[in-house]
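Trainee: give me a 3D structure for the following:
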Amino acid sequence: MAGTLRVREQNIAVFGGSGSGKTVLVSSFYGAAQEQSFQKDSLFDLIADDTGQGNRLRQNYLGMKNRALAPEPTRFAATPYSFVVKLKDQGGDAKAAKARPFDALRLVWHDYPGEWFEEEPSSAQEARRRLDVFRKLLRSDVAVILVDGQKLLDYAGEEEKYLKSLLWGLREGLLRFKDDLLDDGEPLAEFPRIWILALSKADLHPDLDVHGFEDLVVEKAAGDISSLHDVLKGLVKLPEALSMGEDFMLLSSARFEPGKIEVAERKGLDLLLPVACILPLERLVHWAERLEIPRKWLDRLVDNADVIARILVGAAPLMVKVPRVGRYLALALPFLARAIKANGPKIEERNTRARANHDYLTAVLTQFQLDLAQGVKDAVLVKSVK
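Mentor: Numbering: from 1, shown residues only. Have a look, this model is predicted:
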């Protein structure tokens with residue numbers, strides 16, 4: 001399937017310790033997208049690249065839905081999950097289809113065990129494996145650090161103890177990798193540029209919105225966030241273009257009750273695709289307006305920035321004849337900034353027009369913009385750039 005389509009890949013890295021809910025989250029993310037109610041209204045199908053892996057995730061989801069059976073937590077498992085966001089309507093005008101810069105998006109979810117940052121490797125072979133896995137997730141634009149909602153309850157009143165352990169474990173793990181990751185001692189060009197702190201199992205905190213979560217983390221762990229930020233800046237070129245501890249999310253795969261799991265009551269999972277695809281472009285515009293970024297760096301800061309920008313910019317004046325390779329992104333930035341900063345009604349108007357014209361690629365990406373705005377409005381997401 002993927003071989004017949006022009007597919008662009010987005011990557012997201014998820015860090016969390018054993019029991020923090022990584023497996024439940026990815027199972028709910030994929031399983032819910034297979035429901036008839038989702039497929040009826042959605043502009044795309046979410047397809048697992050590995051059919052067996054997709055079946056296991058859906059089995060996990062159905063176990064929660066039908067038998068209130070949560071998946072067993074994994075430990076020391078670093079599993080990439082690859083999904084293709086395939087537009088439902090690939091028909092229509094052949095010329096318009098050929099003009100599209102791509103046909104589908106692939107989301108690769110890199111699941112990195114927090115235990116690997118907390119415990120020493122048992123052998124040189126395991127150390128190499130950890131490093132190899134970490135190098136693969138460096139392709140991500142966005143990293144999500146899961147703050148375990150259950151652990152926050154366990155440490156109620158002393159949340160700083162848990163948060164310090166979480167953030168310093170990650171910090172020390174990165175320092176341990178540093179010499180092996182750098183390019184002959186030089187900082188990296190490719191590295192996650194946005195690090196989001198996300199409350200997993202948010203259903204355990206029904207009275208806590210994302211602003212309350214942000215306040216809690218900042219109050220209890222501001223110094224630890226700064227220390228981790230300093231380590232990250234030491235790993236990358238152009239460290240000013242790096243967001244850490246500025247974005248916050250709530251994530252819940254379901255509402256868990258005694259003998260019952262309400263899988264329809266999720267929170268934040270529908271924002272993961274928009275976060276992976278649109279949030280990096282928003283941040284790129286912000287950085288470009290405030291920093292002196294060399295032209296050669298623009299395409300390297302965000303994966304697929306050029307082609308996604310082409311969709312969001314559309315038929316902007318002066319841009320339609322710009323070559324498809326080379327200087328497009330640098331020249332398109334003013335138009336991209338307008339598209340990114342457009343108010344809700346303008347985005348809705350373009351989304352409606354794209355749907356009517358069967359321009360589903362534009363419809364999906366503008367819907368992602370609307371979804372991010374709704375996430376902020378619903379107090380599920382805090383973005384450092386409003």
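
Trainee: at the geometric centre of this protein, which residue do we find?
Mentor: A centroid search over the chain (C-alpha atoms, centre = their mean) returns residue 276, at 3.8 Å, as the residue closest to the centre.

Trainee: residue 13 is in contact with that one, correct?
Mentor: No: applying C-beta atoms under 8 Å, one finds residue 276 not in contact with residue 13, separated by 10.2 Å. C-betas here are computed from N, CA, C, even on glycine.

Trainee: what do these two both touch?
Mentor: Common contacts of residue 276 and residue 13 (C-beta atoms under 8 Å, 6 or more residues apart in numbering): residue 142.

Trainee: residues contacting residue 29?
Mentor: By C-beta under 8 Å, 6+ apart, residue 29 lies in contact with 109, 253, 269, 272.

Trainee: helices - which of those land there?
Mentor: Using DSSP state H, the members of the contacts of residue 29 that fall within helices are residue 272.

Trainee: what does the host helix or strand of the residue nearest to the centre of the chain rub up against?
Mentor: Using DSSP states H and E, residue 276 sits within helix 272-277. Helix 272-277 is contacted from outside by 10-12, 29, 85, 105, 107, 141-142, 196, 249, 308, 365, 368-369, 371-372, 375, 381, using C-beta under 8 Å, 6+ apart.

Trainee: before we move on, back to that, adding distance to residue 329, write the contacts of residue 29 out as JSON lines.
Mentor: What follows is the contacts of residue 29, written out as JSON lines (distance: C-beta to C-beta, whole Å):
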{"residue": "109", "distance to residue 329": "26"}
{"residue": "253", "distance to residue 329": "36"}
{"residue": "269", "distance to residue 329": "30"}
{"residue": "272", "distance to residue 329": "24"}
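
Trainee: pull the helix or strand with minimum mean pLDDT from the protein.
Mentor: Ranked by mean pLDDT, DSSP states H and E, the helix or strand of the chain with the weakest confidence is helix 94-99, at a mean of 66.

Trainee: count of neighbours near residue 72?
Mentor: 8 (other C-beta atoms under 10 Å).

Trainee: leaving out sequence neighbours, find the closest residue to it.
Mentor: Leaving aside its sequence neighbours, residue 72 sits nearest to residue 23 (C-beta to C-beta, 6 or more residues apart in numbering; 7.9 Å).

Trainee: which stretches in the stretch 151-300 of the chain count as helices?
Mentor: Ranges of helices in the stretch 151-300 of the chain, per DSSP state H, counting those that start in this stretch, are 159-181, 210-233, 272-277, 279-290, 295-301.

Trainee: which of the ones you listed sits closest to residue 54?
Mentor: Among the helices of the stretch 151-300 of the chain, helix 272-277 comes nearest to residue 54, with 16.2 Å by C-beta to C-beta.

Trainee: quick one: mean pLDDT for the closest one?
Mentor: Per-residue pLDDT over helix 272-277 has a mean of 95.

Trainee: output that helix as PDB, restricted to C-alpha atoms.
Mentor: Written as PDB, here are the backbone C-alpha positions of helix 272-277 (Å, rounded to 0.1, in the frame of the first residue of the first chain):
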ATOM      1  CA  LEU A 272      -1.200  13.500  18.700                       C
ATOM      2  CA  LEU A 273      -1.300  13.700  14.900                       C
ATOM      3  CA  PRO A 274      -1.800  17.500  14.900                       C
ATOM      4  CA  VAL A 275       1.000  17.800  17.400                       C
ATOM      5  CA  ALA A 276       3.300  15.800  15.200                       C
ATOM      6  CA  CYS A 277       2.400  17.600  12.000                       C
END
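
Trainee: how far does that helix sit from the chain's center?
Mentor: Mean-position distance between helix 272-277 and its chain equals 5 Å (C-alpha atoms, centre = their mean, to the nearest Å).
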